[in-house]
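J.: Need a 3D model of the following:
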Amino acid sequence: MNNKEFIVALAMKSGFSQEESRKLTVTIVKAMAKNFEAGDSVAVPGFGTFEVKKRLERVMVNPATGQRMLVPPKLSLNFRAALSLKEKINKGGTE
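T.: Numbering: from 1, shown residues only. Have a look, this model is predicted:
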């Protein structure tokens, strides 16, 4: 499902127009991004939790040359699905 298909589906289920649904989606994503920039996590009940994690500095070996390289630390965005969502997916989504 691409962004346009998502907006159409959201508009049909919510009763809002497609333009209102698009604005709502953009607003939600911007609010989530602001929290991520601050290092905060975002929990969506029944869906899961998005969190910013710090990956530590590590040594990597190039398999072709055997050269060792230092990979600097970085922040990454992780998602943990809610238990109820995991169960629905494992059952094939028939609920």
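J.: Strand partners (parallel or antiparallel) of the helix or strand that residue 53 is a member of?
T.: Take DSSP states H and E as the rule and residue 53 turns out to sit in strand 48-55. Sheet pairing of strand 48-55 (DSSP bridges) gives strand 42-44 (antiparallel), strand 74-81 (antiparallel).
J.: Name the stretch among those that sits most buried.
T.: strand 42-44 (a mean of 14; mean count of other C-beta atoms under 10 Å). Heads up, the C-betas are built off the backbone N, CA and C, glycines and all.
J.: Give me the contacts around that one.
T.: Surrounding strand 42-44, the residues in contact under the criterion C-beta atoms under 8 Å, 6 or more residues apart in numbering are 32, 35-36, 49-51, 82.
J.: could those be laid out in TSV, adding distance to residue 2 and neighbour count?
T.: What follows is the contacts of strand 42-44, written out as TSV (distance: C-beta to C-beta, whole Å; neighbours: other C-beta atoms under 10 Å):
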residue	distance to residue 2	neighbour count
32	19	15
35	25	14
36	22	16
49	24	14
50	20	17
51	26	17
82	24	15
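J.: possible to save those as JSON lines with pLDDT and distance to residue 63?
T.: Output for these, formatted as JSON lines (pLDDT from 0 to 100; distance: C-beta to C-beta, whole Å):
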{"residue": "32", "pLDDT": "95", "distance to residue 63": "37"}
{"residue": "35", "pLDDT": "94", "distance to residue 63": "38"}
{"residue": "36", "pLDDT": "93", "distance to residue 63": "33"}
{"residue": "49", "pLDDT": "96", "distance to residue 63": "35"}
{"residue": "50", "pLDDT": "96", "distance to residue 63": "33"}
{"residue": "51", "pLDDT": "95", "distance to residue 63": "31"}
{"residue": "82", "pLDDT": "94", "distance to residue 63": "38"}
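J.: And residue 28, how far from residue 67?
T.: 44 Å (C-beta to C-beta, to the nearest Å).
J.: higher neighbour count, the two?
T.: The neighbour count for residue 28 versus residue 67, taken as other C-beta atoms under 10 Å, is higher for residue 28 (12 against 9).
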